[in-house]
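> what follows is a predicted protein model with its sequence.
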Amino acid sequence: MSQNIECIAQWIDSRDSAAFDTVLPVGAHLVAERDGYEHHGIYVGNGQVIHYAGFAHRQRRGPVECISIGCFACGCAVTIQRDASPCYDGEEVARRAGSRLGERDYRLLTNNCEHFCSWCLFGECRSAQVEACMKSPARAARTLLKLMLLALFAECRTAQPPAQAV
């Protein structure tokens with residue numbers, strides 16, 4: 001069961017990050033719905049999320065980093081994923097997430113943002129998205145094509161020179 005939190009930023013003053021703590025428990029597993037996939041992170045308090053940046057920094061693999069919940073959402077809806085029986089309490093989940101800050105070993109199929117969150121919560125690396133793609137090659141191909149097109153589109157947008165004023 002997921003709890004939608006996309007409207008939180010609309011009623012909490014963005015300068016008061018601690019206000020998120022009244023709505024989000026420390027150690028919460030957050031999921032941002034992106035176009036074609038889900039992005040995962042761990043809420044660590046004070047409006048901050050630790051996540052695996054993956055390919056957020058273009059083709060270069062990004063690190064495990066701490067960012068604001070607004071940056072994590074990236075304009076998308078964010079939900080709390082209620083995982084059944086995590087092995088650790090919220091504070092320990094957040095500590096485990098923090099222990100990997102700066103790590104730069106992102107691998108789409110074996111060490112992505114969902115693997116990271118699973119490790120923080122359960123001590124094992126798993127990704128339901130990767131498992132679903134492995135069971136359905138057609139789904140995997142569609143997802144990969146969509147991600148490649150999104151990356152190409154983002155690259156084209158950033159490569160265009162700014163318009164000159166006339």
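Great, that's in hand.

> just checking, what packs against the strand or helix carrying Arg95?
Element membership for Arg95 (DSSP states H and E) is helix 90-99. On a contact count with 3 or more Cβ pairs under 8 Å, 6 or more residues apart in numbering; DSSP states H and E, helix 90-99 meets strand 37-45, strand 48-57, helix 113-122. For the C-beta atoms, the positions are set from N, CA and C on the backbone; glycine is no exception.

> in TSV: the ones you listed, plus mean neighbour count, distance to Val93 and mean pLDDT.
Shown next, in TSV, are the helices and strands packed on helix 90-99 (neighbours: other Cβ atoms under 10 Å; distance: least, Cβ to Cβ, whole Å; pLDDT from 0 to 100):
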stretch	mean neighbour count	distance to Val93	mean pLDDT
strand 37-45	23	6	93
strand 48-57	21	10	85
helix 113-122	23	5	95
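
> could you dump the ones you listed to CSV with distance to Ala77?
Shown next, in CSV, are those (distance: least, Cβ to Cβ, whole Å):
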stretch, distance to Ala77
strand 37-45, 10
strand 48-57, 14
helix 113-122, 16
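
> lowest average confidence, helix or strand, in this structure?
Least confident helix or strand, the chain: helix 8-11 with a mean of 42, by mean pLDDT, DSSP states H and E.

> any idea of the mean pLDDT in the helix holding Arg95?
Averaging pLDDT along helix 90-99 yields 98.

> now it and strand 37-45, what's the angle there?
Counting by axes from the mean of the first three to the mean of the last three Cα atoms, to 10 degrees, helix 90-99 points 110 degrees away from the direction of strand 37-45.

> got the CA positions of helix 90-99 in PDB?
Extracted as PDB, the C-alpha positions of helix 90-99 are listed here (Å, rounded to 0.1, in the frame of the first residue of the first chain):
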ATOM      1  CA  GLY A  90      13.600   3.800  10.500                       C
ATOM      2  CA  GLU A  91      16.700   5.300  12.200                       C
ATOM      3  CA  GLU A  92      18.800   2.300  11.200                       C
ATOM      4  CA  VAL A  93      17.500   2.400   7.700                       C
ATOM      5  CA  ALA A  94      18.600   6.100   7.500                       C
ATOM      6  CA  ARG A  95      22.000   5.200   9.000                       C
ATOM      7  CA  ARG A  96      22.500   2.400   6.500                       C
ATOM      8  CA  ALA A  97      21.600   4.800   3.600                       C
ATOM      9  CA  GLY A  98      24.100   7.400   5.000                       C
ATOM     10  CA  SER A  99      26.800   4.800   5.300                       C
END
